[in-house]
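Q: quick check, what structure comes out for this input:
(chains A and B)
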2 protein chains.
Amino acid sequence: MAAANGPNKENKRAGGVGLPSNPMVTPLLTDLYQFTMAYAYWKAGKHQERAVFDLYFRRNPFGGEYTVFAGLEECIKLIANFRFTEDDISFIGSSLPPSCEAGFFDYLRNTDCSDVELYAISEGFVVFPKVPLVRVEGPVAVVQLLETPLVNLINYASLVATNAARHRFVVGKSKLLVEYGLRRAQGPDGGVGASKYCYMGGFDATSNVTAGKLYGIPLRGTLSHAFVSSFLSPDDISVKSLLSNDGSNVCQNFVSLTQEWLSKLKHSHILGGIFGDTNRSELAAFISYALAFPKNFMALVDTYDVMKSGIPNFCAVALALNDLGYKALGIRLDSGDLAYLSCKSRKIFRAIEREYRVPNFGKITISASSDLNEETIDALNKQGHEVDLFGIGTHLVTCYAQPALGVVFKLVEINNQPRIKLSEDISKVSIPCKKRCYRLYGKEGCHPLVDIITRENEPPPKVGERILCRHPFTESKRAYVVPQRVEELMKCFWPGRSGKDREELLPIKQIREQCMKQLEQMRPDHMRRLNPTPYKATVSAKLYDFIHSLWLNEAPVGELR
Amino acid sequence: MAAANGPNKENKRAGGVGLPSNPMVTPLLTDLYQFTMAYAYWKAGKHQERAVFDLYFRRNPFGGEYTVFAGLEECIKLIANFRFTEDDISFIGSSLPPSCEAGFFDYLRNTDCSDVELYAISEGFVVFPKVPLVRVEGPVAVVQLLETPLVNLINYASLVATNAARHRFVVGKSKLLVEYGLRRAQGPDGGVGASKYCYMGGFDATSNVTAGKLYGIPLRGTLSHAFVSSFLSPDDISVKSLLSNDGSNVCQNFVSLTQEWLSKLKHSHILGGIFGDTNRSELAAFISYALAFPKNFMALVDTYDVMKSGIPNFCAVALALNDLGYKALGIRLDSGDLAYLSCKSRKIFRAIEREYRVPNFGKITISASSDLNEETIDALNKQGHEVDLFGIGTHLVTCYAQPALGVVFKLVEINNQPRIKLSEDISKVSIPCKKRCYRLYGKEGCHPLVDIITRENEPPPKVGERILCRHPFTESKRAYVVPQRVEELMKCFWPGRSGKDREELLPIKQIREQCMKQLEQMRPDHMRRLNPTPYKATVSAKLYDFIHSLWLNEAPVGELR
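A: Numbering: from 1, shown residues only, chains lettered A, B, ... in the order given. Prediction:
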C-alpha cells in the first residue's frame, strides 16, 4: 500500500525535521473557529500582531502529582510542514460564509510558520500543573490556527506517557513491560501513539508492528487462543522432524518425543495426579509452534485449563526441545488467578529443573496479560507472584482511569500587552505575559525542590541565593528556597526568524532515557501512589504582584444573587 | 501538504471501495503475534485452512443496554487494499527470528483478501452483546492478520457512536448537538474518528475541519476566549464602517452605533443596574467579529463576566447589527451555572424583543459548552434551561465514562470443525461454529423483541411461527417468541471468491439516518438511562444443544483447591 510508506519515509523537508508520523496531521486538523477567528483578525488588520500563547494543564492525571511531557516532536513536525494546499484553501472557503473576502485566502496561501517561535520543555521531562510546557509566539492568526493540533498532539501523548510511567513505577525496574493495546485503542493512531509514548514512559516493547516500524520500538509477540484452538490433534501434524540446535542430529518424530515426555510427567511426582488427559488441540498447537520456532518457544497456557492442560503440555514440549538442545522461553497466562497460577507454575518449573537436571528451567519467563492495570499489579505485588513480564493493553492505552488530560492553550500577551483570562474558578485564571520557568534543585542538586515562573525580563534565580517562591493565586502560600542548582526549563525548538539556535529533536530511545532519569530524581514522596506530596509550581514575587494588579484591573466587581 | 490530500482522494481501487481514511491503516497495523502465528501456520502447512472468526463484544457500554455498530466501512477499505509492500515484508522479516524460511515471505508477497469473505451487520445498526457483528471467513493465516486492525477499527467507532447516541437521547431531538472534541481526543484520528462516528450516532455537526473535509460532516465554529481577550479597546478598531444587509446604506461608524446602544441598555429597565462599565477588550472583540461576519454574529460571553459584561456587550452589538438589517445568531456560554445563565439571558433577549421591537430577538440561539456530559445535561434538563445548542468535547470523544468497549475476535470454526474457547468466566466462553443471526420483531413489526443466533444450516425463523429462544449458557432462561417480522442481520460486505453480491457501502448521511431509525424503533425501556431492561440475545434450541455438547467434550473435569 502506498499509505504504509508515507509515514515512515524519512522526508527531510523543512530543515531536517521530517513529516508528522500520521499523514492526517495537517493544518486542517483544527477547529473551524480558528479559521473564523483568523478571518476576523485579518479583516480587522490585526492578523500580524505578535501574540504569545502558553500551553499547560491544570491538574496531574490519575490522582498523582506528576506528569510526563510528551508529543513535542510531532508538534514541531506539524509546524515545520505547515502549508495550505489549494485543495485545503478551497475547502476552507466553502466552509466560511460566502461573504469572506478573497484577500484572506491569498493570505492563507502564503501562510507558514517561518514567523513563529516555539519554546518548550524537553520531551520526556517530568512536568507540573500551571507551568507552561510550550510557549508559542507569532502572528496571532497563525498561532491561533495551531492551537487545536498542538493541544491534540500533546494531550494524549503526555497522558499515556504518564500512565506508562505509573505502570512502570508499580511494576518495578526488574520486570519486563510490554504494551499490547492496539486493538482496544481509540482508533488507529490512538494505538500507534500509545505504543510510542508508552515506550517513552518506560515500557520495554510493544506488540504493534506499525509502531515498531515507525519508531524502532522493540516488538514482542507469541500466540493467541485462536492459534491454540485452531489445531485438532497431534495426529494431524504432518512434518514431525526437527533438527537439533547444534545441527548434529535430526529428531525424526518430535511429536512422539513430546508425547513420551507428557506420559513421563503424568506419572512423575511433580505433576502426577494434577492432570489426566491434556487437551489435544492445545498439545498440537504447542508442538507446531515449537516446530516453527524451536529457539523461541512460548506457550499461551490458559485456553482450556492452566494446570490440567496448559502447563503439562508446555512442559512436555519444552522438555522435548531441551532434548534437542533448545531452551523454551516461557509461558503466558491470560486469565485466572495470576498470583496463584504464576507461583504454582514456577514451583513446577523449579521441580522439573531439579528432577530432570534441566539448567535454568526454573527461571523460564512467566508472562501475564489479563486486563491488568496499576491496581491489579499492586494487588499482585502484595499477594506475591512469579510474573516476569506484564503485557498491558486496554487500561494503559485508553488511560481508563482518566482518559483525558485537559491541556489548554491561552493567550498571555499580544503586541507586548499582557492578557489574562479570568474565571469564577480561580484554578482557571491564566498567568499573563511572556514568562520564563526554572526548576530549582535542593541539596547536592539531586532532587528538584520547586518550579518557579518569572517574568521574561527578570534576572534568573541564582545558585545559593535565597528566593521567594509564591503560589500564583493564594497570598498566604509562599516559601523561601536556596537552590543548589537552577535549570531553565523552556528551550527554543522552533526559532522562526529569531536567529536563535534550534534545540535538536532527540531519538526516542534518548528521550526515554531522559524520562527515566527525570522520574528517578524526583523525591519519592511526590511519586508514591497513595497520598503523594504535591510538587509546587510557584511564581516569583514580581510576577505575583503583576498578576494581581492586572487581575484587579480586568475583573468587574462581583454582585451576590 | 501532500498528506492533506491523501486520505480524501477518491481512489477507487479494489472494486470502488477506496482507501482507508487514515493512511496509517495498513496490514502492518497489527500485533506481531499475528505474524509469528502466520509463520507457524505456514510452517505446519495449515495457513490455507479455511477458518471462521466472529467479532463481537460481551457487555454494552456506559451502563446501558444497547450499542451502535460502527467502523465497518473502514474495515472493508482495509480488506480491499490489503497488500504488503516490499518494505513491509523486509520489516516483518527483520522482526521475526532469523530462522524463518524465505518461502513464508513469498507467501506474504502474494497475500491479499481475495479469498476472504466478510459478513456483517449494517453500520449504524443497534447491536447487542454476544451477537456477531462481523464474521470473517478465509485462510486462517490471513484472517488472523486481520484480527487486530478489525477490532481496532470497530472498538472505538462503536463506542463513540454509542456515546453520541446516548448524548442525543438525553438532549432530545429538538436541540442542536455539536462535537467539539478534537483537542482532547486520543490522538489525531481519535479526533477525526470521533467526529465521524458522533455524527453517525446523532450529532448535527463538528468543529473538526479535517472531518468536515473527509466526510462532508457539517462544520460549526465561532470564537474563543483568546480572540475576546486579544483586543484591547474599541478605540483601536480602524475600519469602522459597515454596509447594511440590503446594501442600501453604509454605517460610517459601527463602533459608535454599538456604544450608543450600550449606553441605552445601561439605562434601560431591562439591563439597567445589572452592569456598569463592560469590559472594553470584549466589546472590541465582539464589534470586530460582527464587522467580519455581520450575517453570522455569535459571541462567547463568559471571558470576563457573563451578566455584567458579556451579555450587555453582545446585546449592544446585536442591536446595532439589527439597525443595519442583520440578525445576530446567538451567544455561547462556556462556564458557570448554565441553567441560571441561559434562563436569565433568554429573559433579557425576550425583553429586548418586546422593548425595542426586534422580531425573534428572544429566540436567539444560546449555546453551551462547559465540560458537558450525559449527567450534566440530565441535571440541566431537570433544573430547566434555555440552551438550544450543546457543544460537547472531552467526555464525548474520549468516552470518559468508559473509554473502551472490549470487542473480541474469536475462532469459531476451522476446516468445517467447530471450535470453542472455554473460560472459568462463563461470559467469556465463545459460541462455536458458523452461524446466522436474526432480529425478531413483535406486534405490527415495530419493536425488536429479541435477537436469535442459529447454526448456519438451520432453516430461518418464520413470521407467525412459535420459536424457542434460549440463553446461550443458562439452561433455565428461555422464552417462546412468535415474530411478526424476521430480519436477517448479517449481510455480505466482502464476497471474496464466493460470487455473492457485495452489499453497498452507504454514504455517512444515510448510515446516520439508518442509525436514528434503529434507535427510535427500540422499546423505550431498553433505552432509558436508569435501570434499562436488557434486550436479549438468544440462541436456537439446536445451537444451544450443540454448544453444550462441544463444551462438555472440550472442558476438563474441575478440581477444587
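Q: against B:Gly181, how distant is the closest residue to A:Gly172 other than its chain neighbours?
A: The spatially closest residue to A:Gly172, leaving aside those adjacent along the chain, is A:Asn381, at 7.9 Å (CB to CB, 6 or more residues apart in numbering or on different chains). Yep, even glycine has a C-beta here, placed from its N, CA and C like the rest. Noted for A:Asn381: a distance of 36 Å to B:Gly181, by CB to CB, to the nearest Å.
Q: still on that earlier bit, ok, the residue nearest to A:Gly172 to A:Ala165 distance?
A: Relative to A:Ala165, and taking CB to CB, A:Asn381 is found at 17 Å.
Q: which one of these two has more residues nearby?
A: For the pair A:Asn381 and A:Ala165, the greater number of neighbours falls to A:Ala165 (28 against 14), based on other CB atoms under 10 Å in any protein chain shown.
Q: how about the more buried one, nearest residue that isn't a chain neighbour?
A: A:Gly201 (4.2 Å).
Q: residues touching that neighbour, list them.
A: With contacts defined as CB atoms under 8 Å, 6 or more residues apart in numbering or on different chains, the neighbours of A:Gly201 are A:68, A:70, A:160-165, A:168, A:512, A:515.
Q: can we see that at 10 Å?
A: Residues in contact with A:Gly201, defined by CB atoms under 10 Å, 6 or more residues apart in numbering or on different chains, are A:68, A:70, A:124, A:157-158, A:160-169, A:177, A:179, A:396, A:512, A:515-516, A:519.
Q: list the buried residues for the longest helix anywhere in chain A?
A: Longest helix in chain A, counting residues (DSSP state H): helix A:140-171. Under the neighbour-count criterion of 16 or more other CB atoms under 10 Å in any protein chain shown, helix A:140-171 has A:140-171 buried.
Q: strand partners (parallel or antiparallel) of the helix or strand just after it?
A: Following helix A:140-171 in sequence order, the next helix or strand is strand A:176-179 (DSSP states H and E). When sheet partners are counted by DSSP bridges, strand A:176-179 sits next to strand A:205-206 (parallel), strand A:389-392 (parallel).
Q: which among these is found nearest to A:Phe254?
A: Nearest to A:Phe254, of all those, is strand A:389-392, at 26.5 Å by CB to CB.
Q: C-alpha coordinates for the closest one, CSV please?
A: Listed next in CSV are the C-alpha coordinates belonging to strand A:389-392 (Å, rounded to 0.1, in the frame of the first residue of the first chain):
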residue,chain,number,x,y,z
LEU,A,389,6.7,-9.9,32.1
PHE,A,390,3.5,-7.9,32.2
GLY,A,391,1.5,-7.3,28.9
ILE,A,392,-0.8,-4.4,29.4
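Q: tell me the mean pLDDT for that strand?
A: On average, the pLDDT along strand A:389-392 is 98.
Q: quick one: it to chain centroid distance?
A: 15 Å (CA atoms, centre = their mean, to the nearest Å).
Q: show me what counts as buried in it.
A: A:389-392.
Q: next one: stretch A:220-228
A: So for stretch A:220-228, counting by 16+ other CB under 10 Å, buried means A:220-228.
Q: kindly report the same for stretch A:419-428.
A: Quick answer for stretch A:419-428 (16+ other CB under 10 Å): A:419-423.
Q: before we move on, what about stretch A:520-530?
A: Quick answer for stretch A:520-530 (16+ other CB under 10 Å): A:522, A:526-527.
Q: out of the residues you listed, which comes closest to chain B?
A: Top of the list for closeness to chain B, among the buried residues of stretch A:520-530 and by CB to the nearest CB, is A:Met527 at 24.6 Å.
Q: for the closest one, give me its contacts.
A: Here A:Met527 is in contact with A:64-66, A:126, A:165-166, A:169, A:519-520, A:533, A:535 (CB under 10 Å, 6+ apart).
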